[in-house]
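*Asks:* I would like to see how this sequence folds:
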Amino acid sequence: MHVRFGHQPVLRDINLTIRRGETVVVIGESGCGKTVLLKSIIRLIRPTEGEVWFDGQNLADLNEQQLTRQRIRCGYVFQNAALFDSMTIGQNVAFPLRQHTNGSRREITDEVRARLIEVGLPETVIPKKPVELSGGMRKRVGLARALIMNPELMLYDEPTTGLDPIMSDVINELMLRTRRNKPVTSIIVTHDMRTVRRVADRVVMLYPLSHLKPDEPQLIFDGPPSELERCEDRRVVQFVRGEAGERLKELQLEGTDVVV
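*Replies:* As a prediction, this is how the structure comes out:
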């Protein structure tokens, strides 16, 4: 699969198979295309070239109604939760049910309450607005909303970004609990190596195309988290350890070019 925006390539020659029930964590520097990959998987972004297949179907062959039915099978936890500010917490979590089911008000209310309890939030948050909650609580509301339709595939975009270490671990534990409680496939985009080590069955690392030659692969690691530290590719090891290394030299050279 390839994705370009105008003349700017973002993803190149991505060939990836994710098995049912697997938890795959996608890592890489900012701007390497992780979120674009996530959105391409459910066709929120259309690939410039190539295909995305989901459960035996090429998404390009589906009309909008069929595509909507496939997306209902997916839960998406957006960066910063992406809650509707004008709605209450209860209305936010209930939104997918009201859009896609004919459940009664009582049934929807009971389901919302159950999902909030599942992510460790009290019923007292239901009438509140998102602005009244902390960042960690909003993340959990976003998770509750993503789970409300009992998805088969969960997509997480930076689920722990901006959270303190304790709350990050709460989110990690909730992702693990979701996997234990339901037969779900998970794809997680993150920079947080604690998340990688806690939840991943498999890790995929992308590298920015701007730092690659035309014939170099963009997907530079694909394997279990235990192999990350032993990887022979220095770019992988430097990212995992949080070492600037050669990337600092590259940035300095880029800065010099700008000045000149």
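*Asks:* Distance of Met175 relative to Arg46?
*Replies:* Between Met175 and Arg46 the distance is 28 Å, computed by C-beta to C-beta, to the nearest Å. Heads up, the C-betas are built off the backbone N, CA and C, glycines and all.
*Asks:* who's more crowded, these two?
*Replies:* Met175 (23 against 11; other C-beta atoms under 10 Å).
*Asks:* What segments of this protein are helices?
*Replies:* Applying DSSP state H to the chain gives helices spanning 34-41, 64-72, 89-100, 105-118, 135-147, 165-181, 193-199, 234-241, 245-259.
*Asks:* mean confidence score for the shortest one?
*Replies:* It stands for helix 193-199. The pLDDT scores in helix 193-199 average 94.
*Asks:* If you count neighbours, what's buried in it?
*Replies:* Met193, Thr195, Val196, Arg198, Val199 (16 or more other C-beta atoms under 10 Å).
*Asks:* same question, stretch 176-187
*Replies:* Thr178, Arg179, Val184, Thr185, Ser186, Ile187.
*Asks:* For Asp85, give me its contacts.
*Replies:* Lys129, Pro130, Val131 (C-beta atoms under 8 Å, 6 or more residues apart in numbering).
*Asks:* So in the chain, where's the weakest helix or strand by average pLDDT?
*Replies:* The helix or strand of the chain with the lowest confidence, counting by mean pLDDT, DSSP states H and E, is helix 245-259 at a mean of 56.
*Asks:* Wait, Pro224 touches Arg197, no?
*Replies:* No - the criterion here is C-beta atoms under 8 Å, and Pro224 misses it with Arg197 at 10.9 Å.
*Asks:* How much space separates Val237 from Met193?
*Replies:* In terms of C-beta to C-beta, Val237 sits 12 Å off from Met193.
*Asks:* ok, now Thr161?
*Replies:* 13 Å.
*Asks:* Count the neighbours of Asp145 for me.
*Replies:* Quick fix: residue 145 is Arg, not Asp. Using other C-beta under 10 Å, Arg145 is surrounded by 28 other residues.
*Asks:* out of the helices of the chain, deepest packed?
*Replies:* Counting by mean count of other C-beta atoms under 10 Å, helix 135-147 has the highest mean neighbour count of the helices of the chain, with a mean of 24.
*Asks:* returning to what we had before: the contacts of Asp85 into CSV, with extra columns for neighbour count?
*Replies:* CSV is the format used below for those (neighbours: other C-beta atoms under 10 Å):
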residue, neighbour count
Lys129, 16
Pro130, 20
Val131, 8
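*Asks:* What is the nearest of those to Gly31?
*Replies:* Lowest distance from Gly31 to the contacts of Asp85 (C-beta to C-beta) belongs to Pro130, with 27.7 Å.
*Asks:* measure the closest one to Glu22 for me?
*Replies:* For Pro130 relative to Glu22 (C-beta to C-beta), the value is 32 Å.
*Asks:* what do you get for Arg46?
*Replies:* Applying C-beta to C-beta, the value for Arg46 to Glu22 is 25 Å.
*Asks:* what about the stretch 151-260 of the chain, any weak spots by pLDDT?
*Replies:* 244-260 (pLDDT under 70).
*Asks:* and the residue nearest to Phe95 when sequence neighbours are not counted, what does it touch?
*Replies:* Distances taken as C-beta to C-beta, 6 or more residues apart in numbering place Arg145 nearest to Phe95, at 6.7 Å, with adjacent residues excluded. The neighbourhood of Arg145, defined by C-beta under 8 Å, 6+ apart, consists of Leu83, Asn92, Val93, Phe95, Pro96, Arg115.
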